[in-house]
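Engineer: Predicted model, plus sequence, below.
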Amino acid sequence: MSQSAPDQTPQRERSASMPAALVPLQRRRAIQIAPGQDVVIQPRLPTEYKLLIWSSFVLNLVLLLVVLIGGTWGLSRLRAAEAALNAAIDWQSPAGQRLQQLRRDPAQAVAALRWGVGELHSAVNGMHAAHIRTTIPIDQRIPVRLTVPVNQQTTVLTTAPVPLVAPATFTLPGGGGQINGQVALNLPPGLELPVDLSLTIPISESLPVQFDVPVDIPIARTEMGDDLERLQRLVAPAAELLDTP
């Protein structure tokens, strides 16, 4: 009793019996979903996706070229700067030997940098909180020009005989009439006389002035205060970073 052999029909022959629309062409692919059943698909991408893919590829290529060219240029500039630095520095001098020592021991360079930045930060903080304290001597002559009004009653004392000559009228007794004449007399020394003063006294003089002025000026309130605050803001991050172990 003969058994029917399994279907050995080649894939190409089975596909040939399918409608013409499912015959695999270029860029088509046949997928077997069951014995004797094939599905022919043709993947297609929209034109917009193709443009995006090609644009991304070109952009990545351009960025890669820019990175390569920029890295090469930067490396060349770094080497040129290093060569110029080596030519400018006298490595046999104390400073050059110190630089060579720091290059051989980076930890020592970091420690020196930490110490220097810490000292700078401390100095800037100290300057910002400092005061200018001093004593300014004043030794000058100040001109004085003014008019002083005087209006008061006072008593003066004569120091020498004061001659007086004044007109006088004499009346004769018994209806004898009047005689006009003058009276001359001397006021004795030491006589107190009441005087009513009403005058203005002009004064034009220069007066000597000598005294010391103590001065205490906080630097934070001067014009240097703003610059010191800016310097603090610049140095503080570096000091905090170097203090971090």
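Structural biologist: Thanks, I have it.
Engineer: can we go C-alpha only for contacts and neighbour counts from here?
Structural biologist: OK.
Engineer: where in this structure is pLDDT low?
Structural biologist: 1-32, 38-45, 91, 176, 244-245 (pLDDT under 70).
Engineer: where do the strands sit along this protein?
Structural biologist: Remark: strands assigned in the chain by DSSP state E are 29-34, 37-41, 131-157, 162-172, 177-187, 192-218.
Engineer: could the ones you listed go into JSON lines alongside distance to Thr72?
Structural biologist: Listed next are these as JSON lines, based on distance: least, Cα to Cα, whole Å:
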{"stretch": "strand 29-34", "distance to Thr72": "47"}
{"stretch": "strand 37-41", "distance to Thr72": "48"}
{"stretch": "strand 131-157", "distance to Thr72": "54"}
{"stretch": "strand 162-172", "distance to Thr72": "116"}
{"stretch": "strand 177-187", "distance to Thr72": "119"}
{"stretch": "strand 192-218", "distance to Thr72": "53"}
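Engineer: quick one, which of the ones you listed is packed in tightest?
Structural biologist: Compared across the strands of the chain, strand 37-41 shows the largest average neighbour count, a mean of 16 (mean count of other Cα atoms under 10 Å).
Engineer: quick one, what contacts Leu187?
Structural biologist: For Leu187, the contacting residues are 161-164, by Cα atoms under 8 Å, 6 or more residues apart in numbering.
Engineer: could you measure it against Leu157, distance?
Structural biologist: Distance, Leu187 to Leu157, by Cα to Cα, to the nearest Å: 11 Å.
Engineer: any idea how far stretch 88-102 is from the chain center?
Structural biologist: Centre-to-centre, stretch 88-102 and its host chain are 35 Å apart (Cα atoms, centre = their mean, to the nearest Å).
Engineer: how far does it stretch from start to finish?
Structural biologist: Chord length of stretch 88-102, first to last residue, is 18 Å (Cα to Cα).
Engineer: How about residues contacting that stretch?
Structural biologist: Stretch 88-102 is contacted from outside by 108-109, using Cα under 8 Å, 6+ apart.
Engineer: And stretch 208-218, by the same measure?
Structural biologist: Residues from elsewhere that reach stretch 208-218 (Cα under 8 Å, 6+ apart): 129-142.
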